[in-house]
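> how would this look folded up:
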Amino acid sequence: MSNTPKIQDDSVAAPVAVRAAWLADGSGACFAPGVLVLRGRTVVAAGSPESVGVPGGAVTWVDASDSAVMPALVNAHTHLDLTLVPRIPEPKHFFQWLGGVRSARLSMTANDVRQSVIAGVQRLDAGGVAAVGDIAGTHALQASLAACADMGLEGCVFEEVFGMGPRVPACLAAMEAMTPAAAGHARGIRRGVQPHAPYSSDRRVFEAALRSGLPVSTHLAESVDERRFLADGSGPFRDLLESFGLWDGTFSAGARHPIDWMAERLRAASMGPAGRQTRVLCAHLNDIDDQALALLATLPIDVAYCPRASEFFGHAGHRYRAMRAAGVNVCLGTDSALNLDTPDRITTLDDLRLLMRRDQLPLSDALEMATVAGARALGLASARWDFSLGPVAGVIAVALGEHRAPADFGKTSTAPRWICRPAVS
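Presented below is the predicted three-dimensional model:
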């Protein structure tokens, strides 16, 4: 942190030139070695040393010749309010883990939640993240909006809603008060809404969210148990709802797959009196067959894939590459700190490394998913997550050690350091 140069207003700042082992961004550009020239938070030049040359006038050189330099990252799906929750023992079944999370949340005071969110934002900062899609549970909405704005983060804080059975009327009433006019907070952080999942929020709650005019997110197709529940209302999620007192028999089943269920919600919402075509940021999508993939590609859905969380729960063979090939915008998230192997940071940097190491995903694809695709999914200007001339959301450097080649970036493990931080209001 102490190596971060002081960035002034772009109109008066002297240029800062960063010398990198290699320079890459979310648009696919890569220069090894590379030079990035900044004036404030504006990119003046980026490329090979020969193409950039030595900027004229007073210039401050930053030596990152042992590091990769890249745009700050986007974490499109995380749960900051769970950052300080003690690790829940790994269960045999996902629904058991959900029960553990619910119990932990019920024991938290508003101050516990606030402290957990602040710790989470600090770990985002330690991971070089400049934009976030945070899922705010009970007591967490205002805490997250404030903490994210204080750190200069952009993106959206989605208020999580559980609206099933006897809770549906109250959820629908609360949704009426969630208007775009009340959604803003500060400097790029918006308020959104997240009906938790199709097995925990009634179709009417989803449709109300889609009609609200707010950004919408949800968990979708996390496991085969979700498919079973939406097909006939049976299985462990039915048992879980009954144990919570949230099953009253009004749930309408009959969907072939969670993607089919979501397609029907989108269609119903767009046909209402205030109908609109709303994009939905859907997290996980671990359970996708060919038919669901074909339908997904026709829908206004962005996918937040959380590779380390998927591995934590034993999911294999995620179809993110097939989704991308079909034209779906797939970005990266981390899910909560409970699923991560990096207690000092919450960042998609480690998820993109996993994809490169495990799947041999090219750096250009992995970095796009961790930057411009995430910005797109959160409704931000994706150009601020590449090194084309103009404003940039932030710049980080990652020490490479012995793994100097861009193709070997997945083998690195160091935390990033800031070259250019997000602006703080």
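
> Tell me where the model's unsure across the stretch 51-200 of the chain.
Counting by pLDDT under 70, the stretch 51-200 of the chain contains low-confidence residues at 54-58, 90-92, 180-187.

> Please name the residues that touch Arg279.
When contacts are counted by CB atoms under 8 Å, 6 or more residues apart in numbering, Arg279 is found next to 216, 300-302. C-beta: built from backbone N, CA, C; applies to glycine.

> next helix or strand past the biggest helix by length in the chain?
Using DSSP state H to define each element, the chain has its longest helix at helix 110-126. Counting by DSSP states H and E, the element after helix 110-126 in chain order, helix or strand, is strand 129-136.

> tilt between that next one and helix 110-126?
Counting by axes from the mean of the first three to the mean of the last three CA atoms, to 10 degrees, strand 129-136 lies at 150 degrees to helix 110-126.

> Please identify the pairing partners of strand 129-136 and their relative orientation?
Applying DSSP bridges to the sheet, strand 129-136 is found paired with strand 73-78 (parallel), strand 154-161 (parallel).

> which of these is buried the deepest?
Counting by mean count of other CB atoms under 10 Å, strand 73-78 has the highest mean neighbour count of the strands paired with strand 129-136, with a mean of 32.

> which outside residues touch that strand?
120, 124, 127-135, 155, 217, 281, 283, 302, 304, 306, 331-336, 346-349, 370-371, 373-375, 377-378, 380, 385, 396.

> hey, where'd the helices end up in the stretch 301-425 of the chain?
307-312, 320-325, 349-359, 363-370, 372-377 (DSSP state H, counting those that start in this stretch).

> Out of those helices, flag the one nearest Asp260.
If you check each of those against Asp260 by CB to CB, helix 320-325 wins as the nearest, at 16.3 Å.

> For that closest one, C-alpha coordinates in CSV please.
Extracted C-alpha coordinates of helix 320-325, given in CSV (Å, rounded to 0.1, in the frame of the first residue of the first chain):
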residue,chain,number,x,y,z
TYR,A,320,-18.6,-21.3,-18.5
ARG,A,321,-16.7,-21.8,-21.7
ALA,A,322,-19.7,-23.1,-23.6
MET,A,323,-21.8,-20.2,-22.2
ARG,A,324,-19.2,-17.7,-23.5
ALA,A,325,-19.1,-19.4,-26.9
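
> And the contacts of stretch 223-240?
93-95, 98-99, 197-200, 220-221, 247, 251, 253-258, 261, 286-287, 313, 315.

> quick revisit: please point out which parts of the longest helix of the chain sit buried.
For helix 110-126, burial by neighbour count (16 or more other CB atoms under 10 Å) applies to 112-126.

> Buried deepest among the helices of the stretch 301-425 of the chain, which one?
helix 372-377 (a mean of 27).

> now Ser67, what's its secondary structure?
Classification of Ser67 using DSSP: H, G, I helix; E, B strand; the rest coil returns strand.

> thought it was touching Leu23?
No - counting by CB atoms under 8 Å, Leu23 is not a contact partner of Ser67; they are 9.9 Å apart.

> For the two, indicate the residue with more neighbours.
Leu23 (28 against 25; other CB atoms under 10 Å).

> my read: that one touches Val37, true?
No - contact criterion CB under 8 Å: Leu23 and Val37 do not qualify, at 10.8 Å.

> So for the two, which residues contact both of them?
Common neighbours of Leu23 and Val37 (CB under 8 Å, 6+ apart) are Ala46.

> Look up how far Asp225 lies from the one residue sitting closest to the centre of the chain.
For the chain, Ala76 is the residue whose C-alpha lies nearest the centre (CA atoms, centre = their mean; 1.1 Å). Taking CB to CB, to the nearest Å as the measure, Ala76 falls 24 Å from Asp225.

> For stretch 219-237, list every residue counted as buried.
For stretch 219-237, a neighbour-count test (16+ other CB under 10 Å) marks 219-223, 225-231, 233, 235-237 as buried.

> can you redo the contacts of Arg279 as TSV with distance to Asp150 and pLDDT?
Output for the contacts of Arg279, formatted as TSV (distance: CB to CB, whole Å; pLDDT from 0 to 100):
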residue	distance to Asp150	pLDDT
Val216	25	96
Pro300	32	97
Ile301	31	98
Asp302	27	98
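
> Could I have the PyMOL command that selects the buried members from these?
One line in PyMOL is enough to select the buried ones among the contacts of Arg279; burial here means 16+ other CB under 10 Å:
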select buried, resi 216+301+302
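
> Closest one of the contacts of Arg279 to Arg353?
Nearest to Arg353 among the contacts of Arg279, counting by CB to CB, is Asp302 at 22.1 Å.
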